[in-house]
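> My questions are about this predicted structure, shown below with the sequence.
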Amino acid sequence: MVDLQRKKILVTGASSGIGRAVALQISKMGASVVACGRDYDRLMETNRAMAGTAHKIISFDVKDFSKYDLVFNDAVADGRKLDGLVHCAGVAIPTPLRIMSEDVVHNILDVNYVSFMMLVQRYIKRKYSNGGSIVAISSINSHYPQKCMSVYAASKFAIEASVKTMSLEMAEKGIRINCVVPGAVNTPMTQCCFEKTQQYLEKKSLLGMSEPEDVANMIVFLLSTASRKITGRAMFIDSGWLGQ
């Protein structure tokens, strides 16, 4: 039932971490991937690692909202519309309140949340998609916040709130929308931001810290028809974090 054959999925943040794992996994399931990210060289590494050959690389910054129409036009330039969207691009910048600035707040919100809303707005247009499924990445920080991560937690909780409400609009368009809520995941971003709290994260993860592939597997499920009756939901992949 978990089959992505003949599907075409756009993935943001595909140059590393969870985004790259998602691109690799859905390519193995038979889908064509439109891999998006800022770093062209790393996107090419993702492209070389993917199964199959019918993939496309688009290098752009999700904060450059003026480029979104060009990106989607490029994504469907081969005449095939999209069947899914996965928003993995994100930043986590630990910021104490005493040094917080407007620029920091806008940067985190633009990358994590505003970009998601603008991507969804384009995706639902008939010229770009065949309906299908949208998946975004939230974070356990939204439910069990950590010190100095207030803006990051807010940006992720905003995704969860929006997924619930947007699902009401999208059902009539034949589009499902969900998000996943990872706990501690072994990615470069986690290693960078939480190096000092590594033992804490490991202790909270009863089943051990997740790998990007663990999150990707849930996203593959949400993209497939096996989850055809699931929409407006947040799916936790937290290794037992909420059980404590």
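Ah, there it is.
> so who does the residue most central in space within the chain touch?
The centre of the chain sits closest to Cys88, judged by C-alpha atoms, centre = their mean, with a distance of 2.4 Å. Listed by C-beta atoms under 8 Å, 6 or more residues apart in numbering, the contact set of Cys88 reads 11-14, 17-19, 22, 137. Every residue, glycine included, has its C-beta placed from N, CA and C.
> now, which of the residues you listed lie within strands?
11-12, 137 (DSSP state E).
> residue at max distance from the center of the chain?
Arg98 (29.9 Å).
> tell me the secondary structure for the closest residue to Asn112 other than its chain neighbours?
Nearest non-adjacent residue to Asn112, counting by C-beta to C-beta, 6 or more residues apart in numbering: Ser155, 3.8 Å away. Three-state call for Ser155 (DSSP: H, G, I helix; E, B strand; the rest coil): helix.
> and the gap between Ser155 and Lys173?
Counting by C-beta to C-beta, to the nearest Å, the gap from Ser155 to Lys173 is 25 Å.
> And Met235, by the same measure?
21 Å.
> following the host helix or strand of Asp69, which helix or strand shows up next?
In the assignment (DSSP states H and E), Asp69 maps to helix 68-75. Downstream of helix 68-75, the next assigned helix or strand under DSSP H and E is strand 82-87.
> Parallel or antiparallel, list what pairs with that next one.
strand 8-12 (parallel), strand 129-137 (parallel) (DSSP bridges).
> Quick check: which of the ones you listed is nearest to Lys204?
Lys204 lies closest, by C-beta to C-beta, to one member of the strands paired with strand 82-87: strand 129-137, at 18.6 Å.
> Give me the buried positions along that closest one.
129, 132-137 (16 or more other C-beta atoms under 10 Å).
> can you list the weak-confidence ranges in this structure?
187-203, 205-206, 208, 242-244 (pLDDT under 70).
> which residue ranges form the helices in it?
17-28, 40-49, 68-75, 102-109, 115-123, 150-170, 188-193, 198-204, 212-223 (DSSP state H).
> contacts for the first one?
Helix 17-28 is contacted from outside by 4, 7, 9, 11-14, 33, 35, 37, 46, 49-52, 55, 86, 88-89, 137, 182, 185, 187-189, 211-213, 215-217, 219-220, 223, using C-beta under 8 Å, 6+ apart.
> ok and that helix relative to strand 82-87, angle-wise?
With axes from the mean of the first three to the mean of the last three C-alpha atoms, to 10 degrees defining the directions, helix 17-28 sits at 160 degrees from strand 82-87.
> how much distance is there from helix 17-28 to the middle of the chain?
11 Å (C-alpha atoms, centre = their mean, to the nearest Å).
> quick one: buried residues of that helix?
17-27.
> and the two most separated of those?
So, these by C-beta to C-beta: farthest apart are Gly17 and Ser27, at 16.2 Å.
> which one is Lys173 nearest to, not counting chain neighbours?
Closest to Lys173 by C-beta to C-beta, 6+ apart is Ile124, at 6.0 Å.
> Relative to Val181, how far out is the one you found?
Ile124 is 23 Å from Val181, by C-beta to C-beta.
> Looking at these two, which has the bigger crowd around it?
Val181 (25 against 18; other C-beta atoms under 10 Å).
> does that one really touch Ala234, like I thought?
Yes: Val181 lies in contact with Ala234 (C-beta atoms under 8 Å); the separation is 5.1 Å.
> Please enumerate the shared neighbours of those two.
In contact with both Val181 and Ala234: 138, 160, using C-beta under 8 Å, 6+ apart.
> wait, what's in contact with the spatially closest residue to Met170 that is not a sequence neighbour?
Closest residue in space to Met170, ignoring its immediate chain neighbours: Ile177 at 5.5 Å, by C-beta to C-beta, 6+ apart. Neighbour list for Ile177: 120, 133-136, 163, 166-167, 170, 231-232 [criterion: C-beta under 8 Å, 6+ apart].
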